[in-house]
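Novice: Give the three-dimensional model of this entry:
(2 chains)
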Amino acid sequence: DVKVTQSSRYLVKRTGEKVFLECVQDMDHENMFWYRQDPGLGLRLIYFSYDVKMKEKGDIPEGYSVSREKKERFSLILESASTNQTSMYLCASSLNTGAGTDTQYFGPGTRLTVL
Amino acid sequence: AQSVSQHNHHVILSEAASLELGCNYSYGGTVNLFWYVQYPGQHLQLLLKYFSGDPLVKGIKGFEAEFIKSKFSFNLRKPSVQWSDTAEYFCAVGPGGYQKVTFGTGTKLQVIP
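Specialist: Predicted structure coming up:
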């Protein structure tokens, strides 16, 4: 089974802090994703990475950056946390089979509260 | 850019009732379609997917979905729901094999015993 783990289930930070959310997958997947999940808004893509050191902006990249130095690890960085970044953050990964849009496998999520 | 609409935000059903959750998307080309489910306290996981071929797709736990290309729809159905189907359901669209997908806003299903 694919396992996607996220470094924290719950995180509380203060406005202006730099925040790192870590995600690790154990199935050698090429693609990794960061979403935020908010009630009534569903999942919105923040960033996507299709290979080591490669990244692509999603629908809501403002205020976020990402890092992928190793294939299995994809980090989301909030440069200066703000209260409107309080949310559930989901990491996902998928294999690049070349046969269409591949199934994504999700981590348990990190609930971030910014005070 | 494509969009995905899930018109039912919150659905409450009694056990054994039939379920149909609507999903419409806007994208004119080839699409791959997904339904994901998030049970309380659990990870989001795949329920079923459509890539090509038979437009009626069967998934886990007795769920099925029908792709109607002319209506840009991919509705989820189950003939008889159980209390354990209580969850949030997300429709998602991946255009033309592109790895980025667009998710709908989700439908919360509550099944009353």
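Novice: Just list the residues touching the residue of chain A found nearest chain B, thanks.
Specialist: Of all residues in chain A, A:T101 sits closest to chain B, at 2.6 Å by CB to the nearest CB. For every residue, glycine as well, the C-beta is placed using N, CA and C. By CB atoms under 8 Å, 6 or more residues apart in numbering or on different chains, the contact set of A:T101 is B:N32, B:F34, B:G94, B:P95, B:G97, B:Y98, B:Q99, B:V101.
Novice: in the sheet, who's paired with the residue most central in space within chain A?
Specialist: What sits nearest the mean C-alpha location of chain A, by CA atoms, centre = their mean, is A:W34, with 2.4 Å. Residues found in beta-bridge contact with A:W34 (criterion: DSSP bridges) are A:Y47, A:C91.
Novice: ok, how many other residues are close to residue 79?
Specialist: Just so you know, I chose chain A. By the measure other CB atoms under 10 Å in any protein chain shown, the count of residues near A:E79 is 12.
Novice: hmm, I had chain B in mind actually
Specialist: By other CB under 10 Å, the residues close to B:P79 number 12.
Novice: quick one: B:K100 is in a helix?
Specialist: No - with DSSP: H, G, I helix; E, B strand; the rest coil as the criterion, B:K100 is located in coil rather than a helix.
Novice: Next up, the contacts around the spatially closest residue to it that is not a sequence neighbour.
Specialist: The shortest distance from B:K100 to any non-neighbouring residue, by CB to CB, 6 or more residues apart in numbering or on different chains, is to A:F48 (5.6 Å). Taking CB under 8 Å, 6+ apart as the contact definition, A:F48 lies against A:N31, A:M32, A:F33, A:W34, A:K55, A:E56, A:K57, A:G58, B:Q99, B:K100.
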